[in-house]
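Peer 1: fold the stuff below for me.
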Amino acid sequence: MRSTRRTALDELIETISANDRNDNDAALEHFITQAGTAQIFTLLERFYVEYRRKSNPWQFYIEYVTGKLLVKGGKLRAEDLFFIVKFSQRTKLLSDNLIVRIVRSQPLSTIDGLVGWLVEEPGTFDELLVMLLHEIVIEYSRLPQVICPNLVRAARRIEQIRHPLSVLPLALLSVESQIAPDCCGAPGLKHTRRTPPGFRKLPFSAVQPMVDFTLCEDTTAEYQIQAQSAFLNWTNQSNGCLEIRRFTSSIVITIDNIRQVLLGLNLACLNTITIETLSIGQTSATDITTVLFRCAANGGINNNSGLGSPYGRLAAWQSVTALVDALPGTALSVVNAQMETYQWFGLECNSPWFNHSACDLAFVGLNPEGTRLVTIAATDTN
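Peer 2: Down below sits the predicted model:
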């Protein structure tokens, strides 16, 4: 009778099956340290076999081992990344931020090599190619065309199939200059602040100039649908609440009278706020765009409710397009220019309308003529 020789991999599987998760880390770490990439891939396949028999704890260890592989950085080859991507697509087990981890851990030359493998199978990896392409744009501010010929090929393919993300430029526009990779990417990362990042508080004068004015609200359903794009995952997948309004003023709104105007709008988010307690500060188009992007990419308070970076970028631009009264489909370079002509103000979220959580925000946009006012307030709770 022929005996079956037990391998180090067999012993590791047996150890993990018998012990608690906390006891397995040392054994698994030792194996990964000693093993080559091919052996680690075999380990992943064995874990997947065990997962199909019993999901716990094997899904955790598949994620763990993949993370360890990607931490190795430049030691991976393009074909190694191709295995990981195919394994992820086949098993549906690796987390949504796999592409983010690849982009942030691997050299561009290796990623471009991976894309060379992916583009050879049209239709199979199209969505993954789109995500890779736009994560690289966000990470590096542009698509590095000279050193990434395969990525250029992928970009042409994405444009041909008219993917929804193909409307996004392959370079960050000026109002996106503060989109930092460490503030976006993986869904669930918390991001919002009680004031926009560039908030510069306006001084308050006890003697406020009183003026007569009328305000006409023209908050249409179409406008609200478009403007709330960056917050849809707050309301659909979390417990978010929004107030989005748009007004035309009979007078030119200035820094001197904006407090009086805002309190005349009957905004729910300013309920109980007085002219003395209304805290408002100037901010910039870049700051507002950054906040909108993070809101869409990372979602509200509940974990995993965000769109991720590429789709979060698209949702942010959809909101921005509405805020500056541009028509849907307007070239984003034009929208970007209009965004920079507006004055932007942040409001401190200190009324009872807000949940007083990490996801409170409110801001106001004023067109160049000073007669068109847009407001967005958002809050969330678990």
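Peer 1: state the distance from I225 to Q106.
Peer 2: Using CB to CB, to the nearest Å, we find I225 at a distance of 38 Å from Q106. (Glycine included, C-beta is placed from N, CA and C.)
Peer 1: over to R162?
Peer 2: Between R162 and Q106 the distance, using CB to CB, works out to 29 Å.
Peer 1: the more surrounded of those two?
Peer 2: Q106 (23 against 8; other CB atoms under 10 Å).
Peer 1: do you know the pLDDT at that one?
Peer 2: Here the pLDDT value assigned to Q106 is 91.
Peer 1: am I right that it is in contact with D80?
Peer 2: No. The pair Q106 and D80 fails to qualify as a contact (CB atoms under 8 Å) at a distance of 9.6 Å.
Peer 1: now do the end-to-end distance for stretch 300-317.
Peer 2: 18 Å (CA to CA, to the nearest Å).
Peer 1: in it, what counts as buried?
Peer 2: Along stretch 300-317, these residues count as buried under the neighbour rule (16 or more other CB atoms under 10 Å): 300-303, 305-317.
Peer 1: E79 and W117 touch, don't they?
Peer 2: Yes. In this structure, E79 is within contact of W117 by CB under 8 Å, at 6.9 Å.
Peer 1: tell me which of those two has more neighbours.
Peer 2: Remark: of E79 and W117, W117 carries more neighbours, 17 against 13, as counted by other CB under 10 Å.
Peer 1: without its sequence neighbours, what residue ends up closest to the more buried one?
Peer 2: F82 (4.4 Å; CB to CB, 6 or more residues apart in numbering).
Peer 1: give the buried residues for the helix or strand containing V261.
Peer 2: Applying DSSP states H and E as the criterion places V261 in helix 258-263. Buried residues in helix 258-263, counted by 16+ other CB under 10 Å: 258-262.
Peer 1: now, among these, which is nearest to F60?
Peer 2: Distance to F60, by CB to CB, is smallest for L262 among the buried residues of helix 258-263, at 49.7 Å.
Peer 1: dump the residue contacts of that closest one.
Peer 2: Going by CB atoms under 8 Å, 6 or more residues apart in numbering, L262 touches 270, 278, 280, 347, 364, 375.
Peer 1: by neighbours, which of the residues you listed wins?
Peer 2: L347 (27 neighbours).
Peer 1: please name the nearest non-neighbouring residue to that one.
Peer 2: In space, L347 is closest to A362, 4.0 Å off (CB to CB, 6+ apart).
Peer 1: identify the residues contacting the one you found.
Peer 2: A362 is in contact with 269, 346-349, 354, 375-378, counting by CB under 8 Å, 6+ apart.
Peer 1: I figured T219 hits R246, correct?
Peer 2: Yes. Using CB under 8 Å, T219 makes contact with R246 at a distance of 4.8 Å.
Peer 1: so for these two, which sits in the more crowded spot?
Peer 2: Under the criterion of other CB under 10 Å, the comparison of T219 against R246 puts R246 first, with 21 against 15.
Peer 1: so for stretch 39-52, mean pLDDT?
Peer 2: For stretch 39-52, mean pLDDT is 91.
Peer 1: ok, stretch 87-97 next?
Peer 2: Across stretch 87-97, the average pLDDT comes to 83.
Peer 1: okay, buried residues for it please.
Peer 2: 87-88, 91, 93-95, 97.
Peer 1: next one: stretch 324-331
Peer 2: In stretch 324-331, counting by 16+ other CB under 10 Å, buried: 324, 326.
Peer 1: ok, L43 to L28 distance?
Peer 2: In terms of CB to CB, L43 sits 9 Å off from L28.
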